[in-house]
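Colleague: Build me a model from this:
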Amino acid sequence: MGGVGRELSAQAFERVTGVVMRQQAKIDGITEAVIFRETARLHGLTTDRDDFERFAAALAEAHLLRRGEVRQRGHALAGAAAALQAVADMGGVMQTVVTGNVREVARFKLHTFGLDRAIAWEAGAFGEDDDARAELVRIAVKRAAALYGGPLEPHEAVVVGDTPADVEAAMQNGVPVIAVATGRSGVEELREAGASCVLPDLRDTTRFLAALHDPAHCP
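Modeller: Residues are numbered from 1 along each chain as shown. Sure thing, here's the model as predicted:
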């Protein structure tokens, strides 16, 4: 989001801890709870669950207060909206979000950039649900099955992610994965993490849908 994400985290961090955030822990593929805890540790602070929940609330509020700036400085990835709509048009497919972001921030981001129209939020898993990325995938599969009203095997789901942590989390749960090199990780790094299907981006909707139908044999 054009660097505004770090600014919002710093704002929420200072509000909750009373300390100016001079540096931030690694964020790629890491859940918000871990980022907050490790960032606090970098500043000589020890935090607990209550601190994190206050941080999560402050972070969500900070996003809302700067909605216009977020919209101006950020953007949806090219092809993302078309890919989501194409999957929605397939019918019989549930789309949800598995992210290290806290739920309200995830909802804010997708709504701000018009990507939330076909999301089954009740089936998602978020940064407040667990520290481990792999556990978030497991939680989402379980919630999706409950929402669907029947059994859902891991191989019947597909994770689409852009970090090695996304790839590893999917593989640990036996869920097929499509890696998309639109983040800080390139194609080779995602392949090295174990992804057999890696797309450079989401611009080619036809190619994305083909990968979704058969992630093991990526076009």
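Colleague: what residues does stretch 47-60 touch?
Modeller: Outside stretch 47-60, the residues that touch it by CB atoms under 8 Å, 6 or more residues apart in numbering are 8-9, 11-13, 15-17, 32-33, 36-37, 40, 102, 104-105, 108, 127-128. For glycine as for every other residue, the C-beta is placed from the backbone atoms N, C-alpha and C.
Colleague: got it, and stretch 71-84?
Modeller: Contact with stretch 71-84 is made by 1-4, 95, 109, 112-115, 117-118, 182, 201-205, 208-209, as judged by CB under 8 Å, 6+ apart.
Colleague: which residues of this structure fall in helices?
Modeller: 4-17, 32-42, 49-65, 67-73, 80-90, 103-112, 133-148, 164-172, 187-192, 205-213 (DSSP state H).
Colleague: now the third one, how far from the centre of its chain.
Modeller: By that I understand helix 49-65. 17 Å (CA atoms, centre = their mean, to the nearest Å).
Colleague: ditto for stretch 62-72
Modeller: Taking CA atoms, centre = their mean, one finds stretch 62-72 lying 19 Å from the centre of the chain it belongs to.
Colleague: Next, the buried residues of it.
Modeller: For stretch 62-72, the neighbour count (16 or more other CB atoms under 10 Å) marks 62-63, 66, 70 as buried.
Colleague: How is the chain divided into domains?
Modeller: Domains of the chain are assigned by automatic domain parsing as 4-73, 80-217.
Colleague: Export the ones you listed to JSON lines and append columns for mean pLDDT.
Modeller: Listed next are the domains of the chain as JSON lines, based on pLDDT from 0 to 100:
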{"stretch": "domain 4-73", "mean pLDDT": "95"}
{"stretch": "domain 80-217", "mean pLDDT": "96"}
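Colleague: Quick check: which of those is buried the most?
Modeller: Of all the domains of the chain, domain 80-217 has the most neighbours on average by mean count of other CB atoms under 10 Å, namely a mean of 18.
Colleague: Between the two ends of that domain, how far is it?
Modeller: End-to-end distance of domain 80-217 (CA to CA, to the nearest Å): 21 Å.
Colleague: And stretch 192-207, by the same measure?
Modeller: First-to-last distance for stretch 192-207 - CA to CA - comes to 22 Å.
Colleague: dump the residue contacts of the residue minimising distance to the centre of the chain.
Modeller: Taking CA atoms, centre = their mean, the centroid of the chain lies closest to Thr99, which sits 2.9 Å from it. With contact taken as CB under 8 Å, 6+ apart, Thr99 is in contact with 106, 124-127, 136.
Colleague: Output these as TSV; include the columns distance to Phe55.
Modeller: Shown next, in TSV, are the contacts of Thr99 (distance: CB to CB, whole Å):
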residue	distance to Phe55
Ala106	15
Gly124	20
Ala125	19
Phe126	14
Gly127	10
Leu136	18
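Colleague: Now do Gly5 against Val160, distance only.
Modeller: Distance, Gly5 to Val160, by CB to CB, to the nearest Å: 20 Å.
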